[in-house]
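Q: how would this look folded up:
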Amino acid sequence: MAGANVFKLRFYMAGPNWPTNPFQYRGNGAIEIGQDFVTLRGSRHRSFRMPLREEQRLRMVDIVDVYASGSDVTFTLLGVKEDLTIGFSVADAATADRIVALLPARQTPAHAQAHAEQEVFHDRIDYWSPSTPVIWGLLVANIGIFALMWLARYRYQTFLDGPLRQLFALNPDVSALLQSQQLVEWGSNYGRLTLKGEWWRLFTSMFLHGSIWHIGFNMLALWQVGQVTERIFGSARFAGLYVLAGLSGSLASVLWNPNVNSVGASGAIFGIIGGLLAFLGRKDSGVPPTVVADLRGSMIPFLLFSLWMGFIYPHTDNAAHIGGLVGGWLAGHLLARSIHLPERA
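A: Sure, this is the predicted structure:
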């Protein structure tokens, strides 16, 4: 293309917070913007085979609803049978704005309304809750405690001599037994002790995790779901929601299985989702309709998928998940506020 503008970009296949594309492109690519056509170049993912390099040539007259959010760019390609939403990320917000300026400015009425309501929503949560200190505190607490437990377990195994050290190193059952005992000592929701009066375990178990995968998945989910929830509820109310949901999950877990030895933040995370859904269901919430639809559309599939996986995989404490969800939904109604802006002179 003579006089075309070329920009490097990155494609994603799926993710709740990433722009996606319908071409199954993933990884590094490029966009070339000419006068009449836009060319996308990328690597198409193929199962059990090497990615295939290819390009898509799009007509400018078919492109509408171009939008940039930070370094992410999305637009809609009008088709004969269906419209396609195409998204990607570039190096920075300035590059995203340059791409938007080169693409058509046409907007459909639905997109214009959604964009306007997104602006209203962000203005409101920026006014009430410009930051998320509770989320950062929870991340630091959970990850810090996990690191301390790992160091304590590592030092214990290091001090062992001879055959005992080899036994712990070679026998995974022995290592699992040591880890389980450590979780009890650090405050897991161990039914035999919780039901005998050590009710504080309902709280402390929320900050313990059994493996790197366990804490990794939970902290990623907490980060993704918790940011918008804290800004909608406000930091103090969000902290109350998190604690009440976590306690509900721990209580449901030990009542369902009195012999349980349960740990993890997942009950509280499910409660955050329940609280957010309760908030979105209120008529006076101040969350615009298109934002409500977007949040529900992302939360409900994640919720159903996580519950389904909990029933499939053994050792998953779905009682804590369901208990946290119900407790969070009830607490969400109790702690909800309106995010409408106050009257200004």
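
Q: for the stretch 151-300 of the chain, which spans come out with low pLDDT?
A: Across the stretch 151-300 of the chain, the ranges flagged by pLDDT under 70 are 157-176.

Q: quick one: the helices in it?
A: For the stretch 151-300 of the chain, the helices defined by DSSP state H, counting those that start in this stretch occupy 162-170, 172-186, 191-194, 201-204, 212-233, 235-256, 266-280, 289-312.

Q: Compare those and report which one is nearest to V100.
A: Closest approach to V100 among the helices of the stretch 151-300 of the chain (CB to CB): helix 289-312, 20.0 Å. C-beta: built from backbone N, CA, C; applies to glycine.

Q: Quick one: list the elements packing against the closest one.
A: Secondary-structure packing of helix 289-312 (3 or more CB pairs under 8 Å, 6 or more residues apart in numbering; DSSP states H and E): helix 109-128, helix 212-233, helix 266-280, helix 318-335.

Q: Now do that helix against helix 109-128, angle only.
A: Interaxial angle of helix 289-312 relative to helix 109-128 (axes from the mean of the first three to the mean of the last three CA atoms, to 10 degrees): 80 degrees.

Q: re the thing from before, among the helices of the stretch 151-300 of the chain, which is the most enclosed?
A: Mean neighbour count (mean count of other CB atoms under 10 Å) peaks for helix 266-280 among the helices of the stretch 151-300 of the chain, with a mean of 27.

Q: name the helices or strands packed onto that one?
A: Using 3+ CB pairs under 8 Å, 6+ apart: helix 266-280 touches helix 212-233, helix 235-256, helix 289-312, helix 318-335.

Q: Go ahead and confirm A268 touches A245.
A: Yes - here A268 reaches A245: they are 4.9 Å apart, a contact under CB atoms under 8 Å.

Q: Mutual contacts of these two, please.
A: 324, 328 (CB atoms under 8 Å, 6 or more residues apart in numbering).

Q: Okay, buried residues for stretch 120-129 please.
A: Buried positions in stretch 120-129, judged by neighbour count with 16 or more other CB atoms under 10 Å: 120-121, 124-125, 128-129.

Q: Between those residues, which sits nearest L304?
A: Checking the buried residues of stretch 120-129 against L304 with CB to CB, the nearest one is F121 at 24.7 Å.

Q: so that closest one makes contact with P288?
A: Yes - between F121 and P288 there is a contact under CB under 8 Å: 5.4 Å.

Q: Including pLDDT and distance to A293, could the buried residues of stretch 120-129 go into CSV?
A: Formatted as CSV, the buried residues of stretch 120-129 follow (pLDDT from 0 to 100; distance: CB to CB, whole Å):
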residue, pLDDT, distance to A293
V120, 93, 15
F121, 94, 12
R124, 94, 17
I125, 93, 17
W128, 92, 21
S129, 92, 22
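
Q: From L177, how far out is the residue nearest to the spatial centre of the chain?
A: The residue lying closest to the centre of the chain (CA atoms, centre = their mean) is Q224, at 2.7 Å. The spacing between Q224 and L177, counted by CB to CB, to the nearest Å, is 34 Å.

Q: go on, N259?
A: Separation of N259 from L177 (CB to CB): 16 Å.

Q: go on, T76?
A: 56 Å.

Q: so what's the backbone phi/psi at G27?
A: phi 90, psi -160 (degrees, to the nearest 10).

Q: how deep is the nearest residue to it once chain neighbours are set aside tucked in, by neighbour count?
A: Spatial nearest neighbour of G27, chain neighbours left out: S43 (5.4 Å); criterion: CB to CB, 6 or more residues apart in numbering. Neighbourhood size, S43 [other CB atoms under 10 Å]: 18.
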